[in-house]
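Undergrad: Here is a sequence together with a model predicted from it:
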Amino acid sequence: MARRAYGRQSQKSGQDPGTLVHVGEPSSDKATLVVTLFDETAVSRTETSDVSVLEELKGRPGNLWVDLHRLHQVPLVEAIGNCFQIHHLVLEDILNTTHRPNVESYDDYIFVSLKMLDYEAGHEGISSRQISLVIGSRFLLSFQEKEPDPFDILRQRLESPNSKVRRAGPDYLAYCMLDTVIDNYFVVLDKMAERIERLEEELLKNPGTETLRVLHRVKTDLILLRRSVWPVRELASRLINEDSPLIKDSTRPYLRDLFDHTIHAVDTLETFRDIVSGMLDIYLSGVNNRLNEVMKVLTVIATIFMPLTFIAGWYGMNFKYMPELESPWGYPAVIVVSLVVVVSMLLFFRHKRWI
């Protein structure tokens, strides 16, 4: 997936800044717009693929939330940008799904992009998808790279007459969307915690080649988590300190709470990284311990057979005049001596706690 995305990124090489090219996974699904017009008294929602609807709704009283699902249709993204006079450099970043989470402030809007993370239980891994927001005075544009839609619950909250989301403006709605994304980080971190605990148990009990492969996958997922979560801390901090009338004073306490959540997520992530970094040492120690146990058993067996080999070799000599060779008790005597030697050595090893 990463190779395909960066392959598309190379197509932009040499082109003018602001050239709109979709960088990400190709899709044959149709992009859809979910347009919501809301105020304190009413909410109306429309699903369409016709951008001309936006021109009509822009002139109506209330706040407008335009949510685009799937980004592969570049002309549709460009049409939305032209409708709300969004700079082409911002549209370029929206279409680039490998873009680092970031926040940029303009005169009439604030652009925010970050990663939504999903834990894929079937594959025991993490996937990411980009979500971009454009916050205006009376509108909020959201661009989702792909399904599923994490904001259905926000639409349900908008339906409630007493909902703060309905009474507040686009800045508070943007905060709710950011809070939804960051809350999902903790869901992913909880899943990773369970996965790391299982891996620790396996490392202590029976580490093997498959364990090392799983450990490598966990480290790869933590790198993806770090690249997605760490920049959000800076993003939240910049939103708190953003000197823009687009962010009301009533929304800033919520943004500070959002910043605290990102700090918690970052601290948890760093703890996981420290644990996983030490897991390789645990794996190597486990492998060495198993090797030492095997070598100890083999050494004990070899040591026990050394005197037996000496006895068998001594009486295996083909001399004619050996007194014990003609004795009727020679063979039983050798067997008894051999057993006594074996038992004596085992008792000695036991006394020394070597076995």
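TA: That came through fine.

Undergrad: quick check: mean pLDDT across the biggest helix by length in the chain?
TA: What stands out as the longest helix in the chain, according to DSSP state H, is helix 252-314. Averaged over helix 252-314, pLDDT sits at 85.

Undergrad: helices or strands up against it?
TA: Judged by 3 or more CB pairs under 8 Å, 6 or more residues apart in numbering; DSSP states H and E, helix 252-314 is in contact with helix 170-205, helix 209-241, helix 330-351. C-beta: built from backbone N, CA, C; applies to glycine.

Undergrad: Give me the contact list for the shortest one.
TA: Helix 330-351 is contacted by residues Val300, Thr303, Ile304, Pro307, Leu308, Ile311, Tyr315, Glu324, Ser327, Ile355 when judged by CB atoms under 8 Å, 6 or more residues apart in numbering.

Undergrad: so the first one makes contact with Trp354?
TA: Yes - the pair Val300 / Trp354 is scored as a contact, 7.1 Å apart, by CB atoms under 8 Å.

Undergrad: out of those two, which sits in the more crowded spot?
TA: Legend: neighbour count by other CB atoms under 10 Å for Val300 and Trp354, higher for Val300 (15 against 11).

Undergrad: what angle do the longest helix of the chain and helix 170-205 make?
TA: Note on geometry: by axes from the mean of the first three to the mean of the last three CA atoms, to 10 degrees, helix 252-314 and helix 170-205 are set 10 degrees apart in direction.

Undergrad: how far off helix 330-351 does helix 252-314 point, in degrees?
TA: Angle, helix 252-314 to helix 330-351, by the same axes, to 10 degrees: 150 degrees.

Undergrad: what separates helix 252-314 from the chain centre, distance-wise?
TA: 23 Å (CA atoms, centre = their mean, to the nearest Å).

Undergrad: same deal with stretch 86-96?
TA: For stretch 86-96, the distance to the chain centre is 26 Å (CA atoms, centre = their mean).

Undergrad: now stretch 47-65
TA: With CA atoms, centre = their mean, you get 36 Å for stretch 47-65.

Undergrad: Can I get it in CSV, CA atoms only?
TA: C-alpha atoms of stretch 47-65 as CSV (Å, rounded to 0.1, in the frame of the first residue of the first chain):
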residue,chain,number,x,y,z
GLU,A,47,-26.5,13.1,0.3
THR,A,48,-25.5,14.1,-3.2
SER,A,49,-22.6,14.1,-5.7
ASP,A,50,-23.8,17.4,-7.2
VAL,A,51,-21.6,20.3,-6.0
SER,A,52,-24.1,22.9,-7.3
VAL,A,53,-26.2,22.1,-4.2
LEU,A,54,-23.5,23.8,-2.1
GLU,A,55,-23.9,27.1,-3.9
GLU,A,56,-27.6,27.2,-2.9
LEU,A,57,-27.1,26.1,0.7
LYS,A,58,-24.2,28.6,1.3
GLY,A,59,-26.7,31.5,1.1
ARG,A,60,-29.0,30.1,3.7
PRO,A,61,-28.8,31.0,7.4
GLY,A,62,-27.1,28.5,9.7
ASN,A,63,-23.9,26.5,9.7
LEU,A,64,-23.0,24.2,6.8
TRP,A,65,-21.1,20.9,7.2
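
Undergrad: and it, average pLDDT?
TA: 85.

Undergrad: buried ones in that stretch?
TA: By neighbour count on 16 or more other CB atoms under 10 Å, the buried set for stretch 47-65 is Val51, Leu54, Leu57, Gly62, Asn63, Leu64, Trp65.

Undergrad: Equivalent analysis for stretch 323-341, please.
TA: Val334, Val341.

Undergrad: How about stretch 296-304?
TA: Buried positions in stretch 296-304, judged by neighbour count with 16+ other CB under 10 Å: Ile304.

Undergrad: Just the residues contacting it, thanks.
TA: Stretch 296-304 is contacted by residues Val342, Met345, Leu346, Phe349, Trp354, Ile355 when judged by CB under 8 Å, 6+ apart.

Undergrad: That'll do, ta.
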